[in-house]
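Trainee: predicted model follows, preceded by the sequence.
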Amino acid sequence: MINEANVPLLEFDSNPTAKINPEAFIERPFTTDKMVITFFPEIIDKLKARGEIETERIIPGENQIEICRFTDSDILISLGQVGCPACGGNLDLFHAMGIMKTMFCGGGGVLDKNIEVGQILVVEGAIRDEGFSYHYIEPSRVIYTKEETVKTITDYFDENDISYLKGLTWTTDAIFRETADKMERRKSEGAKIVEMEQAGCIAVSQFRNFAYGALIYGGDDISQDEWDKREWRSREGIRYDLVKLCKKLVELI
């Protein structure tokens, strides 16, 4: 049923069946229900070179998707695509293929210079400054990760003395419209990092009712007068460790 509104994006339809559904694209389901999604292509290459993962299958299409499997477990891993429509849309497809537990790891721009490069943020939720999530979950300013998922992740970190932050991200579609005033407002609402996927992925997981958690590490700094890249993409050790953390956590959530 549609809730009518003046703005089309706010006309949420709760009907779970659409004209095109992800099930229509499935040739065969996965044989496991666990997946890691990462935004670190060089780590995928490293894991392949070490024999830690191998290609499971290629999902065809204009932008084909490679799915790999860890050689010592039944956990899949795939490279995420930028933005909620691509990343969240693929997540919906993966769920239809049998995925019930997903851990995400990526990087994002910090809104506070005191968040160091590599500091892990356990995503408690996301400010919905994008369009995709509104097609899955009723309009709201913030969407939250399930509390039990966040607790499972933070309990594991506490037990293993892993340093982390906990809080919101700011999910936006427009990388070139992260203005100073918007940044300050999002920061005042509790956002610690800006990124482009979390609101959409959380929304898909709630709409389809499966477990989803995310770790975002502090990358570039947009909190200062001048953008500071902080060489965040070259932190291979941090990125490798995050993938391995997610491999462990996806079995627990």
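Mentor: Sure, I can see it. If you're wondering where the values come from, they're calculated on a predicted model, not measured in any experiment. Residues are numbered from 1 along each chain as shown.
Trainee: average pLDDT across the helix or strand that contains residue 202?
Mentor: Here residue 202, judged by DSSP states H and E, is contained in helix 198-208. Mean pLDDT, helix 198-208: 98.
Trainee: mind listing what's buried in the helix or strand following it?
Mentor: Tracing the chain past helix 198-208, the next element assigned as helix or strand by DSSP H and E is strand 211-221. Residues 211-221 are the ones in strand 211-221 that count as buried (16 or more other Cβ atoms under 10 Å). All C-beta spots, glycine's among them, are computed from the backbone N, C-alpha and C.
Trainee: what distance separates strand 211-221 from the middle of the whole chain?
Mentor: In this view, strand 211-221 has its centroid 7 Å away from the chain centroid, taken as Cα atoms, centre = their mean, to the nearest Å.
Trainee: tilt between it and helix 198-208?
Mentor: Strand 211-221 and helix 198-208 are oriented at 180 degrees to each other (axes from the mean of the first three to the mean of the last three Cα atoms, to 10 degrees).
Trainee: ok, back up a step: which residues touch the helix holding residue 202?
Mentor: Contacts of helix 198-208 with the rest of the structure, by Cβ atoms under 8 Å, 6 or more residues apart in numbering, involve 16, 83-85, 87-88, 91-92, 95, 102, 104, 123, 125-130, 132-133, 136-137, 143-146, 169, 171, 211-212, 214, 216.
Trainee: just these: which are in strands?
Mentor: In this view, those that belong to strands under DSSP state E are 102, 104, 123, 125-129, 143-144, 169, 171, 211-212, 214, 216.
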